[in-house]
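Visitor: Sharing a sequence plus its predicted fold:
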Protein chains: 2
Amino acid sequence: MSTNVELVSSARCFQSSINVYSHDSEELQCKMKFGVILPDQAKESKLPVLYWLSGLTCTEQNFLTKSAAHKAACDNGVIIVCPDTSPRGCNVEGEEDSWDFGTGAGFYLDATEEKWKKHYRMYSYIVKEFPKIISANFPVIPGKQSIFGHSMGGHGAITIALKNPGMFKSLSAFSPISNPINGPWGKKAFTGYLGPNQESWRCYDATELAKNYDGDEIELLVDQGAADPYLKDELLLPNFCNACNNNKKVKLTYREHVGYDHGFYFIATFIEDHIKYHARYLK
Amino acid sequence: MSTNVELVSSARCFQSSINVYSHDSEELQCKMKFGVILPDQAKESKLPVLYWLSGLTCTEQNFLTKSAAHKAACDNGVIIVCPDTSPRGCNVEGEEDSWDFGTGAGFYLDATEEKWKKHYRMYSYIVKEFPKIISANFPVIPGKQSIFGHSMGGHGAITIALKNPGMFKSLSAFSPISNPINGPWGKKAFTGYLGPNQESWRCYDATELAKNYDGDEIELLVDQGAADPYLKDELLLPNFCNACNNNKKVKLTYREHVGYDHGFYFIATFIEDHIKYHARYLK
């Protein structure tokens, strides 16, 4: 596997560089972009790394431009890396037809259906390939890594952390899709990528994974907007909270914020909290 | 003139609402949108208002989503309003042909050329109509208003403030186009909107206006990225700085920042400084 990356763009922001790179992904069999918030401290010493997973329709750009995470990344001395949300330009028939399936909607799983299984391997990309790309190219402290994400990326962060105990020092999410096997977005995506056998869906469902988690005790922070229009039918946080409350190995701090919706203005409001939360585990 | 506005969208961010409105503009003869960062303090008392003018290609969205101004607006108790950068959808032949002329590129002037003069009246829109819309619909303190902007919007803020002494309590800009009559963007736009007679261009040129300014003493803060690719040929800050240095009524604080470019990451880095700067004059 080549860990070569190419710099696509770079801009200075606070005391950091905000860089975008491309690389040839072996898992996804296509060229992928990703973003990095690289604090100047990285010139002096290795830093912890925080993986951000974005939601439906996003590229590597949305978090960089809209989350206002730059200052907190500098203040807390963490490198933040944000991969794209699906393979790009693979010419799989139908991949551009929906905003919630295919391009921009990889759901952080490895597809098993014939049509999708060659390229749509975002789970293996995030768990296996992307960390190697990061550690080969940036001054990160081995093992000092945490993960967070939003919506589909919150689902990704939670499922990946629960499926890989010990891989991340800490875990948090904004407005995660937390029980996709019971929501319309999840049912559509899982049917498409994994086929009709719902048994195979459970290993990518945050609520099912929280019920059955048996690794070392894990803490997680979830922030949710109470005015989020997707809360009731798509995110299904109550199911996830119940599962966590019934498994003493999963220590959930769940905060619901009156008035906030599902978008980046909500993320921007609480992003500093999340970065500080992770920094405590990463020091 | 109707001062009716319609709410298009609203989202909570920090302790504020980030709202977008539309209204029928009499000056521009079209429907216009604008953004407002409305801190919760506005429910209790009237607040000062800060006008933000955006640059080429922007709509009302760019500043709202990318500037990270929300927290500082709340902390300093100022309402920030951001109009669009040109009339929209007027079907003037050729208005969609260039990114630096026509739609998204109104240059904050009143066109005199036949083809453009009906709709392209951004100067009168910002100076006369928009403030009435704001004061009729939001709890602003009469007279407590300041102005700032970026690139083409920095040009707009400086020219509008220098042409209207006393209208604003304070003035600042990021990376302003500061001598458009001598740069390619400005020459193209001024030729198109104002015709070939360059004498008519001077009343919209920040450097010419700074040379000849004779109102009450005015201070302004300008932040500029030293790695801005447009600095040398388009923005022409040295000409503007010279003009200010030669007119003791214009007190310029000019800061050039190593490594920063022309984009919103640069704005986000120094936006809090600018909001605090204006808040001192607005209290």
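Guide: Happy to help now that I have it. This is a predicted model, so every value here is computed, not measured.

Visitor: so is residue A:19 in a helix, a strand, or just coil?
Guide: strand (DSSP: H, G, I helix; E, B strand; the rest coil).

Visitor: Can you point out the helix or strand that includes the residue in the stretch 51-200 of chain A that chain B sits nearest to?
Guide: At 4.1 Å from chain B, residue A:68 is the closest residue in the stretch 51-200 of chain A, using CB to the nearest CB. All C-beta spots, glycine's among them, are computed from the backbone N, C-alpha and C. Per DSSP states H and E, residue A:68 falls between elements, in no helix or strand.

Visitor: Identify the residues contacting the helix ranked longest in chain A?
Guide: If you go by DSSP state H, chain A has its longest helix at helix A:264-282. Helix A:264-282 has contacts (CB atoms under 8 Å, 6 or more residues apart in numbering or on different chains) with A:48, A:50, A:62, A:66-69, A:71-73, A:76-78, A:80, A:144-146, A:148, A:150, A:169-170, A:172, A:174-175, A:221, A:223, A:225, A:228, A:257, A:260, B:11-14, B:18, B:65, B:68, B:70.

Visitor: Look up the residues forming beta bridges with the residue nearest to residue A:259 when sequence neighbours are not counted.
Guide: Sequence neighbours aside, residue B:12 is the residue nearest to residue A:259 in space, at 4.3 Å (criterion: CB to CB, 6 or more residues apart in numbering or on different chains). Beta-bridge partners for residue B:12, by DSSP bridges, are residue B:17.

Visitor: Surely residue B:12 touches residue A:262?
Guide: No - Residue B:12 lies out of contact with residue A:262 (CB atoms under 8 Å); the separation is 11.2 Å.

Visitor: Now for the two: what residues contact both?
Guide: Joint contacts of residue B:12 and residue A:262 (CB under 8 Å, 6+ apart) are residue A:225.

Visitor: ok, the closest residue to residue A:40 other than its chain neighbours - contacts?
Guide: Leaving aside its sequence neighbours, residue A:40 sits nearest to residue A:15 (CB to CB, 6+ apart; 4.7 Å). Residue A:15 is in contact with A:39, A:40, A:41, A:74, counting by CB under 8 Å, 6+ apart.

Visitor: Ramachandran coordinates for the last one?
Guide: Residue A:74 adopts backbone torsions of phi -70, psi -50, taken as degrees, to the nearest 10.

Visitor: Buried residues of stretch A:158-173, list them for me.
Guide: Residues of stretch A:158-173 classed as buried by neighbour count (16 or more other CB atoms under 10 Å in any protein chain shown): A:158, A:159, A:160, A:161, A:162, A:167, A:168, A:169, A:170, A:171, A:172, A:173.

Visitor: so what's the first one up against?
Guide: With contacts defined as CB under 8 Å, 6+ apart, residue A:158 is in contact with A:171, A:173, A:176, A:178, A:206, A:209, A:210, A:220, A:240.

Visitor: Tell me who's in contact with the residue sitting furthest away from the middle of chain A.
Guide: Distance from the C-alpha centroid of chain A, by CA atoms, centre = their mean, peaks at residue A:44 (27.9 Å). By CB under 8 Å, 6+ apart, no residues touch residue A:44.

Visitor: Please tell me how far it sits from chain B.
Guide: Residue A:44 sits 17 Å away from chain B, taking CB to the nearest CB, to the nearest Å as the criterion.

Visitor: State the pLDDT value of that residue.
Guide: Residue A:44 is assigned 97 on the pLDDT scale.

Visitor: With residue A:1 instead?
Guide: Reported pLDDT for residue A:1: 83.

Visitor: Would you mind confirming that residue A:6 is in contact with residue A:22?
Guide: Yes - the pair residue A:6 / residue A:22 is scored as a contact, 5.1 Å apart, by CB under 8 Å.

Visitor: For the two, indicate the residue with more neighbours.
Guide: Looking at residue A:6 and residue A:22 with other CB atoms under 10 Å in any protein chain shown, you find the greater number of neighbours at residue A:22, namely 17 against 11.

Visitor: name the element the more buried one belongs to?
Guide: Per DSSP H and E, residue A:22 falls inside strand A:16-25.

Visitor: what's the model's confidence in that strand, averaged?
Guide: Averaging the model's pLDDT scores along strand A:16-25 yields 98.

Visitor: likewise stretch A:140-155?
Guide: 98.

Visitor: cool, and stretch A:114-123?
Guide: pLDDT averaged over stretch A:114-123 gives 98.

Visitor: and it, how far apart are its ends?
Guide: With CA to CA, to the nearest Å as the measure, stretch A:114-123 spans 17 Å from end to end.

Visitor: can you pull the buried residues of that stretch?
Guide: Buried residues in stretch A:114-123, counting neighbours by 16+ other CB under 10 Å, are found at A:116, A:119, A:120, A:121, A:122, A:123.

Visitor: Kindly reformat the residues you listed as TSV containing secondary structure and distance to residue A:233.
Guide: Converted to TSV, the buried residues of stretch A:114-123 look like this (DSSP: H, G, I helix; E, B strand; the rest coil; distance: CB to CB, whole Å):
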residue	secondary structure	distance to residue A:233
A:116	coil	25
A:119	coil	29
A:120	coil	24
A:121	strand	28
A:122	helix	24
A:123	helix	25
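
Visitor: can I get these in a markdown table with distance to chain B?
Guide: Formatted as a markdown table, these follow (distance: CB to the nearest CB, whole Å):
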| residue | distance to chain B |
| --- | --- |
| A:116 | 32 |
| A:119 | 30 |
| A:120 | 29 |
| A:121 | 31 |
| A:122 | 26 |
| A:123 | 30 |
